[in-house]
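A.B. asks: sequence first, then the predicted structure, then my questions.
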Amino acid sequence: MRRNERSIPDGLTLRVVARIRREEHRRFRRKMLAFGIGSAAALGGTVFFGMRVFTLLSQSGFSQYFSLIFSDGPEMAMYWKELVLSLVESLPMLGIIVFLALLLASVWMAAGLIVNAQKFAHS
């Protein structure tokens with residue numbers, strides 16, 4: 001044996017591999033917990049803001065403008081630009097943007113949860 005070479009103690013490799021696996025499992029569990037809590041929070045926010053957007057749409061007069069398309073269709077065809085502008089102006093844009101952002105966040109969080117659960121199951 002050379003001076004700088006040292007022998008590896010028996011079982012050291014197995015202990016190192018076992019420790020790495022435990023750390024990976026811990027990391028996956030933390031990620032799954034974070035994605036699970038985030039997904040639940042985003043889904044709750046999506047439901048809340050979905051109901052809020054529905055309420056804002058009914059209060060803003062959007063449904064009255066939109067119903068003109070079906071009740072007075074031929075007459076509205078002549079004034080379609082004004083009708084479209086009225087529809088856009090009556091939309092609660094901030095509520096819709098927040099709703100869509102929360103919907104996107106909940107889908108992203110659920111996807112992260114599924115990916116981490118699959119990695120955890122295969123490890």
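C.D. replies: Everything's here; your move.

A.B. asks: packing partners of the biggest helix by length in the chain?
C.D. replies: Longest among the helix segments of the chain by residue count, using DSSP state H, is helix 12-60. For helix 12-60, the contact count by 3 or more Cβ pairs under 8 Å, 6 or more residues apart in numbering; DSSP states H and E identifies helix 93-122 as packing neighbours. (Each C-beta comes from the backbone N, C-alpha and C, glycine too.)

A.B. asks: show me what the helix it packs on is packed against.
C.D. replies: helix 12-60.

A.B. asks: poorly predicted segments of the chain, please.
C.D. replies: Along the chain, the parts satisfying pLDDT under 70 run over 1-5, 123.

A.B. asks: returning to what we had before: and the longest helix of the chain with helix 93-122, angle?
C.D. replies: Counting by axes from the mean of the first three to the mean of the last three Cα atoms, to 10 degrees, helix 12-60 lies at 160 degrees to helix 93-122.

A.B. asks: and helix 12-60, how far out from the chain's middle?
C.D. replies: The chain centre lies 9 Å from the centre of helix 12-60; the measure is Cα atoms, centre = their mean, to the nearest Å.

A.B. asks: the next helix or strand after that helix: which residues count as buried?
C.D. replies: Reading on from helix 12-60 to the C-terminus, the next helix or strand found by DSSP states H and E is helix 62-71. Judged by neighbour count using 16 or more other Cβ atoms under 10 Å, the buried positions of helix 62-71 are 62, 65.

A.B. asks: now do the end-to-end distance for stretch 87-97.
C.D. replies: Using Cα to Cα, to the nearest Å, one end of stretch 87-97 lies 16 Å from the other.

A.B. asks: buried ones in that stretch?
C.D. replies: 90, 92, 95.

A.B. asks: distance between it and the chain's centre?
C.D. replies: With Cα atoms, centre = their mean as the basis, stretch 87-97 stands 21 Å off its chain's centre.

A.B. asks: touching that stretch from outside, list them.
C.D. replies: With contacts defined as Cβ atoms under 8 Å, 6 or more residues apart in numbering, stretch 87-97 is touched by 49, 52-53, 56-57, 60-62, 65-66.
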